[in-house]
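Asks: Give me the fold of what follows.
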Amino acid sequence: MDWEKIKKFSVDHKQYAIAIVVIIGILLWAKKDKEKSEDYLDDFTGERQEEVRHANMERKNEVENTANDNTDQVKTHQDSKPKEVTCDISGAVKNQGVYTLKIGARLNDLIEAAGGPTRNSELKKVNRALILHDQDKIHIPYNGEKIKAAEIVSSVETGVTNSALIPVESDPVPQKSSTKVNLNTANEQELQTLNGIGAKKAQQIIAYRQKNGQFKKIEDLKQVSGIGDKTFGTLKGQLEV
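Replies: The predicted structure is shown next:
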């Protein structure tokens, strides 16, 4: 082997050898740096994924806790609502007093709890479907009792009086009876259904009938004290004998 030739070749091409060595060094360094970057990226990505997962878990727990708190509050609110109403009833019922009923009870339930209405009660105009409130004060009117609509139910809960009377049109002139009243057989209450006849005049008519006998014609009614031509004119269409 000619070492002299080899040595001479190496000296002549020394710059190429150095360049090759430098290139190989650069390539090796770049490869190592890339591997480090990939390892760091993997570590960073893993940490970020763990942070995201942890944050999602915390958010989920907060939502569940909030939902549970709301559910507990709703349940507590529902449990705190009264399940009964206590009302005072007086007037034309068999057993006046204070009664406790389930929430949502109607006025008719209270009347039944009080033993039902008496025979002389006036229920035709009473709204027995009225829903009761706690501490309501009820008064069932007697037959012929003059009571305002706002006086039958006094409600503490609403702070105002409630009407359990069925609304009727106000009419200053009493409505005529659909059937005629017999002057010889009518009692005091039946006579009071006539226009302009109150308790006093009804008693006078009965007293006249007892003293003088039966009315022979409806015009004889004018013989009763206080009943003149004008009053009789409003009554004659409702009378018979």
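Asks: count of residues packed around the closest residue to residue 215 other than its chain neighbours?
Replies: Nearest-residue entry for residue 215: residue 183, 4.4 Å, with adjacent residues in sequence omitted and distances by Cβ to Cβ, 6 or more residues apart in numbering. Any C-beta I mention is one placed from the backbone N, CA and C, and that applies to glycine too. Neighbourhood size, residue 183 [other Cβ atoms under 10 Å]: 24.
Asks: how near is residue 183 to residue 218?
Replies: Between residue 183 and residue 218 the distance is 7 Å, computed by Cβ to Cβ, to the nearest Å.
Asks: Over to residue 29?
Replies: In terms of Cβ to Cβ, residue 29 sits 135 Å off from residue 218.
Asks: Between those two, which has more neighbouring residues?
Replies: Using other Cβ under 10 Å, the more surrounded residue of residue 29 and residue 218 is residue 218, with 19 against 10.
Asks: Test my guess that the more buried one contacts residue 238.
Replies: No - in this structure, residue 218 is not within contact of residue 238 by Cβ atoms under 8 Å, at 9.3 Å.
Asks: Can you find the helix or strand of the chain with the lowest average pLDDT?
Replies: None of the helices or strands of the chain scores lower by mean pLDDT, DSSP states H and E than strand 161-162, at a mean of 48.
Asks: after that strand, next one along is what?
Replies: Counting by DSSP states H and E, the next helix or strand C-terminal to strand 161-162 is strand 181-182.
Asks: For that next one, give me every contacting residue.
Replies: 190-191, 193-194, 238-241 (Cβ atoms under 8 Å, 6 or more residues apart in numbering).
Asks: any idea of the mean pLDDT for it?
Replies: Average pLDDT, strand 181-182: 89.
Asks: Beyond it, next helix or strand please.
Replies: Beyond strand 181-182 on the C-terminal side, the first helix or strand identified by DSSP H and E is helix 188-191.
Asks: Buried residues, that following helix. List them.
Replies: Neighbour-count burial for helix 188-191 flags residue 191 (criterion: 16 or more other Cβ atoms under 10 Å).
Asks: for stretch 143-155, same thing?
Replies: Using 16+ other Cβ under 10 Å as the test for burial, stretch 143-155 gives 149, 152-155.
Asks: Same check on stretch 231-238?
Replies: So, applying 16+ other Cβ under 10 Å, buried residues of stretch 231-238: 231-232, 235, 238.
Asks: Which of these sits closest to residue 115?
Replies: Proximity of the buried residues of stretch 231-238 to residue 115 (Cβ to Cβ) peaks at residue 238, which lies at 37.1 Å.
Asks: show me what contacts the most centrally placed residue in the chain?
Replies: For the chain, the residue nearest the mean C-alpha position is residue 104 (9.7 Å; Cα atoms, centre = their mean). For residue 104, the contact set (Cβ under 8 Å, 6+ apart) comprises residue 131.
Asks: Surely residue 225 forms part of a helix?
Replies: No - applying DSSP: H, G, I helix; E, B strand; the rest coil, one finds residue 225 to be coil, outside a helix.
Asks: residues in contact with it?
Replies: Counting by Cβ under 8 Å, 6+ apart, residue 225 touches residue 204.
Asks: Check it and give its pLDDT.
Replies: As predicted, residue 225 sits at a pLDDT of 85.
Asks: Now it: phi and psi?
Replies: Note on residue 225: its backbone torsions stand at phi -60, psi 130 [degrees, to the nearest 10].
Asks: same question, the one 10 residues further on
Replies: Backbone dihedrals for residue 235, given as degrees, to the nearest 10, come out at phi -100, psi -30.
Asks: do residue 136 as well
Replies: According to degrees, to the nearest 10, residue 136 has phi -60, psi 140.
Asks: same question, residue 154
Replies: Torsion angles, degrees, to the nearest 10, at residue 154: phi -110, psi 120.
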